[in-house]
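Enquirer: Dropping a prediction and its sequence here:
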Amino acid sequence: MRVDRIPQNIRDLIIPKPSGFYQYRCLGCNSVHPIDSLLYVCPECGGVLLIEDREWDRLKKVPGDVWRDVFDYRSMLNETAVRGIYRFHELLGSIIPLKYVVYLGEGHTPVVHANRALCDWAGISFSFKNDGQNPSASFKDRGMASAFSYLNYLTGEKGLKNVIALCASTGDTSASAALYASYFANEVRSAVLLPRGRVTPQQLSQPLGNGATVIELPGVFDDCMKVVEYLSEHYPVALMNSKNAWRILGQESYSFEIAQQFEYDTGNLVVVVPIGNAGNITAVLSGFLKLYDLGIITELPVIAGVQSEHANPVYLYYLESDPRRRVFRPVKVRPSVAQAAMIGNPVSMPRVIELVERYRDTAGRADAFMVVEVSEQEIMDSMLTANRNGHIACTQGGECLAGLKRLVLEGRISKNMHGVLDATAHSLKFSVFQEKYFTDSFEPEYEVVPREELKNAPLTLEPPPDIPSPASNKQLSDEEFRKFVQYAAEEIARILNLQ
Ligand SMILES: N[C@@H](CCOP(=O)(O)O)C(=O)O
């Protein structure tokens, strides 16, 4: 759509212009720091940072319904910079001029409603939001688009040079960081640190294919993260994990899109998100709070975080209902099929603590945010059941479905609500877990016992010696090939019970 077709009353707002005054705010000591350099922790106390817009209130001069129209019409514009997450420019990066926006096709991911059978199975109606349909096949691309747009801005306006983008990863962040870095060709190098043997072959192939330096370390993700933190404190590297507050801003677009896709009617929704390094839940909370503050939505949805019993520090933290008595304790993780969330010491925990309090206060009720724990068995059974009903859920998507089902069973949410589940990555990235399930080859630590009715395996049709086979070295005559086709077709008709 061309700008001159946009309704007159919003035309001035339709192409975003740089605005606002961004600053980092430390969640440890509340100090603020200028935005014009790479900063991952507070220089004064080492605390975690969030980005805030000191001039945020200017956005309140525009009524919520006008913002809704602006975001909806922007989706139709033939303007690359606002095609993805930056159609919400004012909410997630308004200081960045559009010429620096990096767009690789992220965002705008589909909401797919579950069919009747699957809703009955879950005990509630729900949809998956398929963030596996992002360019590197996970939700991380939202955050990377933001972090790399900011790097691009620093390079263009502030003279930043020789960027080395560095991250620790369970597989999705590394794929995403390597992809976005490769878009800058030789101007940005990327290096990723992975826990050896804890990243699927598909995820490992992604940064390799994008030309990143891939370094595998012993241990789990939490160990790699510590090394990345050390490197970022001692060397000039661009840390691309969600400790980088620009990642959080970009990932807020997930909330904005849910609101948009549900026509800004969010009061009846329960948004279910897996918690690993906790950047995503941080962004989802923050995103909905922003929309509410600007009157773009009038009711906050319930937000439910899900963790596996094998990596559950946030769940354990919120078991204590009295905020003054809660103590955060990192846990030692055990092998989990929700491998992307196999994290015992989430870097965004201080952000979660602050935002959950704010969210509950704003909603006026404690159950506006909850955390639920699920077993590895439930995760696998849920993922496979979803995918047998038309979805492409990864194990973390399965974790969300397992969490939603539990919430209903435990009576923690009303059956009249509608679940929006984060399928964080494409199912193909995690096919090794499906394979283990189908071949009953899970190591005992996973505690997964396959259910026969969910298993599947290819059938092999091997013609007997008197039937010619195209697999033999010699070229089949027409007659021989006809015999093979007839044999194979009849065997298949027998298998499929065709009459
Ligand atoms: N699941 C993550 C872990 C790192 O999370 P991040 O959001 O802090 O980058 C991954 O894919 O590596």
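Expert: Nice, I can see it.
Enquirer: What ranges does the stretch 151-300 of the chain have for its helices?
Expert: With DSSP state H, counting those that start in this stretch, the ranges of helices along the stretch 151-300 of the chain come out as 172-183, 201-209, 221-234, 245-251, 253-261, 279-293.
Enquirer: helix or strand for residue 126, which one?
Expert: In this assignment (DSSP states H and E), residue 126 forms part of strand 125-130.
Enquirer: Give me every residue in the stretch 151-300 of the chain lying close to the ligand.
Expert: Residues of the stretch 151-300 of the chain lying near the ligand by C-beta under 6 Å from any ligand atom: 167, 169-173, 221, 241-242, 276-277, 279. Bear in mind the C-beta positions are built from the backbone N, C-alpha and C, glycine included.
Enquirer: Pull the contacting residues for the residue nearest to the spatial centre of the chain.
Expert: The centroid of the chain falls nearest to residue 139 when counting by C-alpha atoms, centre = their mean (3.1 Å). With contact taken as C-beta atoms under 8 Å, 6 or more residues apart in numbering, residue 139 is in contact with 131, 172, 251, 254, 280, 422, 424-425.
Enquirer: Could I get the phi/psi values of it?
Expert: phi -60, psi -20 (degrees, to the nearest 10).
Enquirer: Could you measure from it over to residue 376?
Expert: In this view, residue 139 and residue 376 are 22 Å apart by C-beta to C-beta, to the nearest Å.
Enquirer: repeat for residue 494
Expert: Taking C-beta to C-beta as the measure, residue 494 falls 38 Å from residue 376.
Enquirer: thinking again about what came up before, distance to residue 335, mean neighbour count and mean pLDDT added to the helices of the stretch 151-300 of the chain, as CSV?
Expert: Converted to CSV, the helices of the stretch 151-300 of the chain look like this (distance: least, C-beta to C-beta, whole Å; neighbours: other C-beta atoms under 10 Å; pLDDT from 0 to 100):
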stretch, distance to residue 335, mean neighbour count, mean pLDDT
helix 172-183, 18, 28, 98
helix 201-209, 16, 18, 98
helix 221-234, 12, 18, 96
helix 245-251, 26, 29, 98
helix 253-261, 27, 23, 98
helix 279-293, 21, 25, 98
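Enquirer: nearest to residue 368, of the ones you listed?
Expert: Among the helices of the stretch 151-300 of the chain, the nearest to residue 368 by C-beta to C-beta is helix 279-293 (9.6 Å).
Enquirer: and the closest one with helix 253-261, angle?
Expert: With axes from the mean of the first three to the mean of the last three C-alpha atoms, to 10 degrees defining the directions, helix 279-293 sits at 50 degrees from helix 253-261.
Enquirer: Output the helix or strand just after helix 279-293 in CSV with nothing but the alpha carbons.
Expert: Note on helix 279-293: by DSSP H and E, the next helix or strand toward the C-terminus is strand 302-308. Taking C-alpha atoms only, strand 302-308 is exported to CSV below (Å, rounded to 0.1, in the frame of the first residue of the first chain):
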residue,chain,number,x,y,z
VAL,A,302,-2.5,-13.6,32.1
ILE,A,303,1.1,-14.5,31.5
ALA,A,304,2.2,-18.0,32.4
GLY,A,305,5.9,-19.1,32.4
VAL,A,306,6.7,-22.8,32.0
GLN,A,307,9.7,-24.7,33.2
SER,A,308,10.7,-28.4,33.0
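Enquirer: Which elements pack onto strand 302-308?
Expert: Applying 3 or more C-beta pairs under 8 Å, 6 or more residues apart in numbering; DSSP states H and E, we find strand 302-308 packed against strand 269-274, helix 279-293, helix 313-319, strand 369-374, helix 395-409.
Enquirer: Could you pull up the mean pLDDT of it?
Expert: Mean pLDDT, strand 302-308: 98.
Enquirer: now do stretch 72-79
Expert: Here the average pLDDT along stretch 72-79 is 92.
Enquirer: Now do the buried residues in that stretch.
Expert: Neighbour counts over stretch 72-79 (16 or more other C-beta atoms under 10 Å) mark 73-74, 77, 79 as buried.
Enquirer: Looking at residue 494 and residue 376, which is more packed in?
Expert: Counted by other C-beta atoms under 10 Å, residue 494 and residue 376 do not tie: residue 376 has more neighbours, with 25 against 9.
Enquirer: What separation is there between that one and the ligand?
Expert: Between residue 376 and the ligand the computed distance is 17 Å (C-beta to the nearest ligand atom, to the nearest Å).
Enquirer: Give me the pLDDT value at that residue.
Expert: Looking at residue 376, its pLDDT is 98.
Enquirer: And for the one 4 residues further on?
Expert: Turning to residue 380, the model gives it a pLDDT of 98.
Enquirer: could you check the angle strand 125-130 makes with the host helix or strand of it?
Expert: Residue 380 belongs to helix 376-387 when assigned by DSSP H and E. Between the axes of helix 376-387 and strand 125-130, defined by the same axes, to 10 degrees, the angle is 90 degrees.
Enquirer: then helix 376-387 to PDB, C-alphas only?
Expert: Presented in PDB, the C-alpha positions along helix 376-387 are these (Å, rounded to 0.1, in the frame of the first residue of the first chain):
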ATOM      1  CA  GLU A 376       9.900 -34.200  30.400                       C
ATOM      2  CA  GLN A 377       7.300 -36.900  29.600                       C
ATOM      3  CA  GLU A 378       4.600 -34.300  29.400                       C
ATOM      4  CA  ILE A 379       6.700 -32.100  27.100                       C
ATOM      5  CA  MET A 380       7.300 -34.900  24.600                       C
ATOM      6  CA  ASP A 381       3.800 -36.200  24.600                       C
ATOM      7  CA  SER A 382       2.400 -32.700  24.200                       C
ATOM      8  CA  MET A 383       4.700 -31.800  21.300                       C
ATOM      9  CA  LEU A 384       4.000 -35.000  19.400                       C
ATOM     10  CA  THR A 385       0.200 -34.700  20.000                       C
ATOM     11  CA  ALA A 386       0.300 -31.100  18.800                       C
ATOM     12  CA  ASN A 387       2.200 -32.100  15.700                       C
END
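Enquirer: And it, what does it pack against?
Expert: In terms of contacts (3+ C-beta pairs under 8 Å, 6+ apart), helix 376-387 is packed against helix 116-122, helix 395-409, helix 431-438.
Enquirer: Which one of those lies nearest to the ligand?
Expert: The ligand sits nearest to helix 395-409 of all the helices and strands packed on helix 376-387, at 8.4 Å, using C-beta to the nearest ligand atom.
Enquirer: got the contact list for residue 467?
Expert: Residues counted as contacts of residue 467 (C-beta under 8 Å, 6+ apart) are 483-484, 487.
Enquirer: Residue 122: which of those is nearest?
Expert: Minimum distance to residue 122 across those is 44.0 Å, recorded for residue 487 (C-beta to C-beta).
Enquirer: Now do the same for the closest one: helix, strand or coil?
Expert: helix (DSSP: H, G, I helix; E, B strand; the rest coil).
Enquirer: Does it touch residue 465 like I think?
Expert: No. Applying C-beta atoms under 8 Å as the test, residue 487 and residue 465 come out as separate, 11.8 Å apart.
Enquirer: more neighbours, these two?
Expert: Here residue 487 and residue 465 are compared on neighbour count by other C-beta under 10 Å; more neighbours surround residue 487, at 17 against 6.
Enquirer: Compute the distance between the more buried one and residue 470, please.
Expert: From residue 487 over to residue 470 (counting by C-beta to C-beta), the distance is 11 Å.
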